[in-house]
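[1] Make a model of this:
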Amino acid sequence: MEKLTLKVGKAITPTKELEEVAIVIEEGKIKKIVPWDSVDDDALNYPEAIACPGFVNIHMHGYAGCDATSGDPEDLLEIAESITENGVTTILPTTMSDSQDNLLEAAEAFKEAKRRKTKELIWQGYTLKDLTLELERKKEPRTQKSYVSLM
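    Alright, predicted model coming up:
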């Protein structure tokens, strides 16, 4: 079992801030947070560090010079690789308003990038802005202003 223990000066949890704690990580998941003095000496010591949950970006059109609407999975993969360097762990890329063909191409790029995704990043979904869908039953254009599931 892979185990890592980090001693940090402060840990921020969803409900409180903790001072001088050790974070015990097993199999890549936080198992417990305990006072410094309750862990072995083999813990990695970062007394000036602040540990906090990863940031979630729920609306992003691009990052690192790349566009979420480009239709190129390489752009999305570059966004994914670059954004994690700043503490972001979850993204929801969002397209700009565009033609139906371009938006569907962007959606396909998202599916391909998600398939090839980096381990560090959670792809929460993909938001297509103002996608106009042709409804089969009514044969009339309709603007869909809600989310389209691509998962």
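
[2] Could you list the low-pLDDT ranges of this structure?
    Applying pLDDT under 70 to the chain flags the ranges 1, 118-119, 130-151.

[3] Okay, the residue sitting nearest the centre point of it and Val56: tell me how far apart.
    For the chain, the residue nearest the mean C-alpha position is Thr90 (1.4 Å; Cα atoms, centre = their mean). For Thr90, the distance to Val56 (Cβ to Cβ, to the nearest Å) stands at 4 Å. Bear in mind the C-beta positions are built from the backbone N, C-alpha and C, glycine included.

[4] overlap in contacts of those two?
    Counting by Cβ atoms under 8 Å, 6 or more residues apart in numbering, the common neighbours of Thr90 and Val56 are Gln124.

[5] tell me which residues in the helix or strand encompassing the residue nearest to the centre of the chain are buried?
    Assigned by DSSP states H and E, Thr90 belongs to strand 88-93. Buried residues in strand 88-93, counting neighbours by 16 or more other Cβ atoms under 10 Å, are found at Val88, Thr90, Ile91, Leu92, Pro93.

[6] And for stretch 74-89?
    Going by neighbour count (16+ other Cβ under 10 Å), the buried part of stretch 74-89 is Asp75, Leu76, Leu77, Glu78, Ile79, Ala80, Glu81, Ile83, Thr84, Val88.

[7] Wait, a helix at the first one?
    Yes - secondary structure of Asp75, determined by DSSP: H, G, I helix; E, B strand; the rest coil: located in a helix.

[8] switch to numbering from 382
    With 382 as the first residue, the last one maps to Asp456.

[9] Tell me the helix or strand right after the top helix by length along the chain.
    Taking DSSP state H as the criterion, the chain has its longest helix at helix 481-496. Of the helices and strands lying after helix 481-496 in sequence (DSSP H and E), the nearest is strand 503-504.
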